[in-house]
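# here you go, sequence then predicted model.
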Amino acid sequence: MHAKSTLDTLDELKEILDLYNPIKFKSSEDSKRLRERIPQLYGAIEKKYREITGDLKVVVEDKGNKNTYPNYFEAGYLSGRTFHSHQGYQELLKVIGRVRNEGGGDPKSESESYLDKLSAVEIVTVIIKRFHKVVRQLRVRYCNRQSIEIEDEYDVQDLFHSLLRLYFDDIRAEEYTPSYAGSASRVDFLLKNEKLVIEIKKTRKGLGVKEVGDQLLIDAQRYQSHPDCERLICFVYDPECRIDNPRGIENDLTKELSGFPVMVYISPDN
């Protein structure tokens, strides 16, 4: 795994642990999803993690049985016992520091240099891929302040607009397409210089994969008549994982319609 991908995975692990209290929230649905995500992420970077920590042989006793784990993270978060979770968290922070230092240079300047090489479409794709991470981070507030929740499609649009502002100067929100079938349609975001339209949708009861697909076909036909639109990107935010097989749906809906490119992204993965 590339150093940047490893660091992204480690950072996501830290974000989850900042949210996840295995004792207080043991029975909640959110906690269940987080518990399932922890071993998935760790499995992706286990080789690098153990390369850094070495074989510590941490012993965990459970109902008279003693099991040995190679580091405090596995002992604290993967063993089913919480005794070593504090040490596992501190160990994770050290590993993140090591991986960041091994990358060399200033991480911020490296990230900016990386983004400078990306096209507008690629930058929008990065924002989409990391959007759910931003939402999770907003739930973690200083001194237990009220969390910032993304509850409906308008919330998704507002946050996405803020993230676009990091990289684009001319963002036209709530633009209207020329009349199609007797009525005009509102465009969520138009990047005029880049000739790119971004449509935002959030799944809910009554808006599943069939409805999204039907709306997308209508949107694509409308946007073809917009003088400043040469490509449509549709971001479907699905935090409740209402859409089964999101990658398959993305592949089915990402296509050219009468020569007009349409790209569909569903996030997060379920």
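Structure received. Being a predicted model, the structure only gives us computed values, none of them experimental.

# and for Arg100, the neighbour number?
Residues near Arg100, counting by other Cβ atoms under 10 Å, number 16. C-betas here are computed from N, CA, C, even on glycine.

# output the contacting helices and strands for the host helix or strand of it.
Counting by DSSP states H and E, the element that carries Arg100 is helix 85-103. With contacts taken as 3 or more Cβ pairs under 8 Å, 6 or more residues apart in numbering; DSSP states H and E, helix 85-103 sits against helix 3-19, helix 29-53, helix 72-73.

# hey, where'd the strands end up in the protein?
58-62, 65-69, 171-176, 186-191, 196-202, 231-237, 255-257, 260-267 (DSSP state E).

# among those, which is nearest Ala3?
The closest of the strands of the chain to Ala3 is strand 260-267. By Cβ to Cβ, the value is 23.5 Å.

# buried residues in the closest one?
Buried residues in strand 260-267, counting neighbours by 16 or more other Cβ atoms under 10 Å, are found at Phe260, Val262, Met263, Val264, Tyr265, Ile266, Ser267.

# show me what that strand is packed up against.
Using 3+ Cβ pairs under 8 Å, 6+ apart: strand 260-267 touches helix 120-138, helix 209-223, strand 231-237, helix 246-253.

# what's the angle between it and helix 209-223?
Put simply, strand 260-267 runs at 150 degrees to helix 209-223, going by axes from the mean of the first three to the mean of the last three Cα atoms, to 10 degrees.

# and strand 260-267, which strands flank it?
strand 231-237 (parallel), strand 255-257 (antiparallel) (DSSP bridges).

# ok, and which of those has the densest surroundings?
Across those, the average number of neighbours (mean count of other Cβ atoms under 10 Å) peaks for strand 231-237, which reaches a mean of 23.

# please state the offset of it from the chain centre?
15 Å (Cα atoms, centre = their mean, to the nearest Å).

# stretch 144-159 too?
15 Å.

# could you export that stretch as PDB, CA atoms only?
This file holds the C-alpha atoms of stretch 144-159, laid out as PDB (Å, rounded to 0.1, in the frame of the first residue of the first chain):
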ATOM      1  CA  ASN A 144     -18.700  17.600  24.500                       C
ATOM      2  CA  ARG A 145     -20.300  20.500  22.600                       C
ATOM      3  CA  GLN A 146     -23.400  19.700  20.600                       C
ATOM      4  CA  SER A 147     -22.300  17.800  17.400                       C
ATOM      5  CA  ILE A 148     -22.900  19.100  13.900                       C
ATOM      6  CA  GLU A 149     -25.200  16.700  12.100                       C
ATOM      7  CA  ILE A 150     -25.800  16.300   8.400                       C
ATOM      8  CA  GLU A 151     -29.500  15.400   8.400                       C
ATOM      9  CA  ASP A 152     -30.900  16.200   5.000                       C
ATOM     10  CA  GLU A 153     -30.000  17.000   1.400                       C
ATOM     11  CA  TYR A 154     -29.700  20.700   2.100                       C
ATOM     12  CA  ASP A 155     -27.100  20.000   4.800                       C
ATOM     13  CA  VAL A 156     -25.100  17.900   2.300                       C
ATOM     14  CA  GLN A 157     -25.200  20.700  -0.200                       C
ATOM     15  CA  ASP A 158     -24.100  23.300   2.300                       C
ATOM     16  CA  LEU A 159     -21.100  21.300   3.500                       C
END
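
# pull the number of nearby residues for Glu240.
The burial count for Glu240: 12, using other Cβ under 10 Å.

# please verify my assumption that it contacts Thr203.
Yes: counting by Cβ atoms under 8 Å, Thr203 is a contact partner of Glu240 at 6.7 Å.

# what about Gln156, distance to Asp228?
No, residue 156 isn't Gln; it's Val. 23 Å (Cβ to Cβ, to the nearest Å).
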